[in-house]
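Enquirer: This is the structure alone, sequence omitted:
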């Protein structure tokens, strides 16, 4: 799953779930906060994680998954696919293991549903 099919992903990704993207207001707030931390001299990974904490990214994204009707439907569909024995792969653009990622939260949330 990716937000947009670009480059080589066009030939390897079969399904996208836009309802599971980071909500635009949360994403924009995160990006701005991330840039603010970088302007203060933090390295990229540190600024990323500091912004994540400062804006309460985890709680806000999990609220999106549990309260937005389209996100609830998408989670139910993925959960059913897993119950039917399908293997799913979530694709992430984060370039290091040090950065937090909403797909990790999504995976944990879906696992709890199983």
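Expert: Sure thing, it's come through. What you see is a predicted model, and the numbers here were worked out from it, not measured in a lab.
Enquirer: Does residue 87 belong to a helix, a strand or coil?
Expert: coil (DSSP: H, G, I helix; E, B strand; the rest coil).
Enquirer: Can you give me the pLDDT of it?
Expert: pLDDT, residue 87: 91.
Enquirer: residues contacting residue 61?
Expert: When contacts are counted by CB atoms under 8 Å, 6 or more residues apart in numbering, residue 61 is found next to 22, 23, 26, 102, 105. For the C-beta atoms, the positions are set from N, CA and C on the backbone; glycine is no exception.
Enquirer: Show me which of the residues you listed are buried.
Expert: The neighbour count (16 or more other CB atoms under 10 Å) marks 22, 26, 102, 105 as buried among those.
Enquirer: Pull the most distant pair out of the contacts of residue 61.
Expert: Spanning the widest gap among those are 23 and 105, at 12.8 Å by CB to CB.
Enquirer: Residue 32 versus residue 39, what's the distance?
Expert: According to CB to CB, to the nearest Å, residue 39 stands 11 Å off from residue 32.
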